[in-house]
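Engineer: need a structure here:
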Amino acid sequence: MGDKTMTADEAVARLRSGMTLGIGGWGSRRKPMALIRALLRSDVRDLTVVSYGGPDVGMLAAAGRIRKLVAAFVTLDSIPLEPHYRAARERGAIDLMEIDEAMFLWGLRAAANRLPFLPVRAGLGSDVMRVNPGLRTVTSPYGDGETFVAMAALRLDAALVHVNRADRLGNGQYLGPDPYFDDLFCEAADEAYMSCERIVDTAELTKEAAPQTLLIGRHTVTGVVEAPGGAHFTSCAPDYGRDEAAQRQYATTPWPEYAERLLDSPAREGS
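Structural biologist: Numbers count the residues shown, from 1 in each chain. Predicted coordinates for the structure are as follows:
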């Protein structure tokens with residue numbers, strides 16, 4: 001439980017090709033973009049990515065790093081469909097397991113609790129069962145006899161998340177309006193790497209914010225990366241909002257051109 005601080009490149013150096021990688025955040029909100037840039041600088045590939053997808057998925061898909069994607073959506077929020085992901089999907093570059101948002105959440109909960117699956121009503125009566133023939137149903141053993149989707153656990157080899165504040169031990173704090181299930185990504189993973197806007201002393205975490213904002217416990221975190229602006233161009237409220245100009249530039253620039261500029265900049269791309 002000692003000092004877990006490291007650089008983004010040191011964190012990514014612990015990842016391996018072929019892993020199942022969970023990425024926190026939601027759409028174009030509080031994505032661990034500094035860690036994604038470090039991942040793009042590495043030679044890690046052939047990933048199964050589990051994400052409420054945004055530009056993290058778009059960049060990794062465009063760079064040919066994703067073998068399979070498990071997602072409920074891939075969006076830039078103010079730009080409804082992530083264009084680089086769409087291009088990769090249209091050319092058949094990645095396999096896709098597309099599921100309902102609630103199914104995705106229950107898969108994370110199952111993995112976090114080390115259960116093989118959890119029952120959920122979401123997905124019943126929809127095409128999600130048709131396009132995912134590997135999904136199974138389960139019947140309640142009680143008198144009601146109700147049928148549920150048996151959502152398999154989304155077990156992760158590693159997770160990447162970004163929060164507002166953290167200490168050196170791995171306690172992570174969000175200060176914005178939504179936790180985006182980052183705690184479940186960390187709990188569902190064998191290893192979790194958390195970037196943050198600022199590392200502070202442990203006592204500072206609750207001086208100006210409630211204890212309930214301590215979203216991520218140190219026992220679930222392998223490494224802590226201080227990365228000011230580390231979610232850019234996505235939002236990291238209340239520290240900063242989404243950089244819409246930078247996002248539009250990303251969405252309208254051909255990937256090879258954008259990637260060259262991106263990898264030349266270890267800090268905030270598009271700034």
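
Engineer: avg pLDDT for stretch 118-129?
Structural biologist: The average pLDDT for stretch 118-129 rounds to 95.

Engineer: how about the helices in the stretch 101-250 of the chain?
Structural biologist: 101-112, 128-131, 182-187, 244-252 (DSSP state H, counting those that start in this stretch).

Engineer: by contact count, what packs against the last one?
Structural biologist: By that I understand helix 244-252. Here helix 244-252 touches helix 55-62, helix 83-90, going by 3 or more C-beta pairs under 8 Å, 6 or more residues apart in numbering; DSSP states H and E. For every residue, glycine as well, the C-beta is placed using N, CA and C.

Engineer: just send the ones you listed back as TSV, with distance to Asp127 and mean pLDDT too.
Structural biologist: Formatted as TSV, these follow (distance: least, C-beta to C-beta, whole Å; pLDDT from 0 to 100):
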stretch	distance to Asp127	mean pLDDT
helix 55-62	21	98
helix 83-90	17	97
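
Engineer: name the stretch among the helices of the stretch 101-250 of the chain that sits most buried.
Structural biologist: Across the helices of the stretch 101-250 of the chain, averaging neighbours per residue (mean count of other C-beta atoms under 10 Å) puts helix 182-187 on top, at a mean of 26.

Engineer: for Met1, give me the pLDDT.
Structural biologist: pLDDT, read off for Met1, is 62.

Engineer: coming back round to it: of all the helices and strands packed on helix 244-252, which one comes closest to Pro211?
Structural biologist: helix 55-62 (29.1 Å; C-beta to C-beta).

Engineer: now, of the helices and strands packed on helix 244-252, which is deepest in the fold?
Structural biologist: Comparing the helices and strands packed on helix 244-252 by mean count of other C-beta under 10 Å gives helix 55-62 as most buried, with a mean of 26.

Engineer: for the next helix or strand along the chain from it, buried residues please.
Structural biologist: Using DSSP states H and E, the helix or strand that follows helix 55-62 in sequence is strand 66-71. Buried residues in strand 66-71, counted by 16 or more other C-beta atoms under 10 Å: 66-67, 69-71.

Engineer: could you work out the most separated pair of those?
Structural biologist: Arg67 and Ala71 (13.6 Å).

Engineer: I figured Arg198 hits His162, correct?
Structural biologist: No: the criterion here is C-beta atoms under 8 Å, and Arg198 misses it with His162 at 11.8 Å.

Engineer: follow-up on the earlier one: kindly reformat the helices of the stretch 101-250 of the chain as JSON lines containing distance to Ile216.
Structural biologist: Converted to JSON lines, the helices of the stretch 101-250 of the chain look like this (distance: least, C-beta to C-beta, whole Å):
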{"stretch": "helix 101-112", "distance to Ile216": "12"}
{"stretch": "helix 128-131", "distance to Ile216": "30"}
{"stretch": "helix 182-187", "distance to Ile216": "5"}
{"stretch": "helix 244-252", "distance to Ile216": "26"}
